[in-house]
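Enquirer: I would like the atomic coordinates for the input below:
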Amino acid sequence: MAPFPYIYTSVGINTKYLNLGVNGLFGLVVDNASYSGEGIWDVNTFAGSWSERSEINESNVEIFHSYLSSNIFGTIYYKGFGLTYSGYITYPMGLLNTLDATVTNNGGFESNESFDISIKFPSIIMQEVYISYAYNSKYVGAIGIGQITSSSFKEDLLTFNAKVICIIN
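Expert: Now for the predicted structure:
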């Protein structure tokens, strides 16, 4: 059970040889993250002006955000065999706009600061293709390949999946 609220809806059709559907999900989630970076501050005093560089390191930051996702799927069945395609897209949205962090400047002095930030979560597209076989009405085996991609990723991730499903009535 998800610890935060979500809304899920699904619509589809099932026949003897075909299963088609689409679903959608909106939910809230908290992720843990770590941040590191460098900040440059312009300092202006009566004695002059200069720039300071400081390191920003923070770990175990909880990020509260929401996400939208949608999935289309379809399976064609014939004599115990099935061919399945599933396409999935998710769009996370950040709700955190302030980061409280510990800042260390060049002299080793630490201070606690708050920064206005924006967090960009990438949209992710996943696709899977499976071939399955129903041994009987209780056991189904499946093997397939998957692809995970995003415009924010440098490369795609390919997966190989195998599963055995036991149906309990």
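Enquirer: What is the least confident helix or strand in this structure?
Expert: Every helix and strand in the chain was compared by mean pLDDT, DSSP states H and E; the lowest is strand 98-105, with a mean of 58.
Enquirer: mind listing the strands for the chain?
Expert: All strands of the chain, identified by DSSP state E, fall at 6-14, 18-45, 48-78, 81-94, 98-105, 110-116, 124-134, 139-149, 157-166.
Enquirer: rank those strands by pLDDT, which is bottom?
Expert: Among the strands of the chain, strand 98-105 carries the lowest mean pLDDT, a mean of 58.
Enquirer: Go ahead and confirm residue 78 touches residue 131.
Expert: No. Counting by CB atoms under 8 Å, residue 78 does not reach residue 131; the two are 11.5 Å apart. Any C-beta I mention is one placed from the backbone N, CA and C, and that applies to glycine too.
Enquirer: quick one, which of these two is more surrounded?
Expert: Set side by side, residue 78 and residue 131 show more neighbours around residue 131, with 13 against 9, by other CB atoms under 10 Å.
Enquirer: ok, now which ones touch that one?
Expert: 81-84, 142-144 (CB atoms under 8 Å, 6 or more residues apart in numbering).
Enquirer: repeat that with 6 Å
Expert: Contacts for residue 131 (CB atoms under 6 Å, 6 or more residues apart in numbering) come out as residue 83.
Enquirer: before we move on, what about residue 9?
Expert: Counting by CB under 6 Å, 6+ apart, residue 9 touches residue 24.
Enquirer: That one and residue 74, how far apart?
Expert: Distance of residue 9 to residue 74, given as CB to CB, to the nearest Å: 18 Å.
Enquirer: repeat for residue 6
Expert: 24 Å.
Enquirer: try residue 18
Expert: Distance from residue 18 to residue 74, counting by CB to CB: 7 Å.
Enquirer: Which residue of those two possesses the greater neighbour count?
Expert: Using other CB under 10 Å as the criterion, residue 18 and residue 74 rank with residue 74 on top: 16 against 11.
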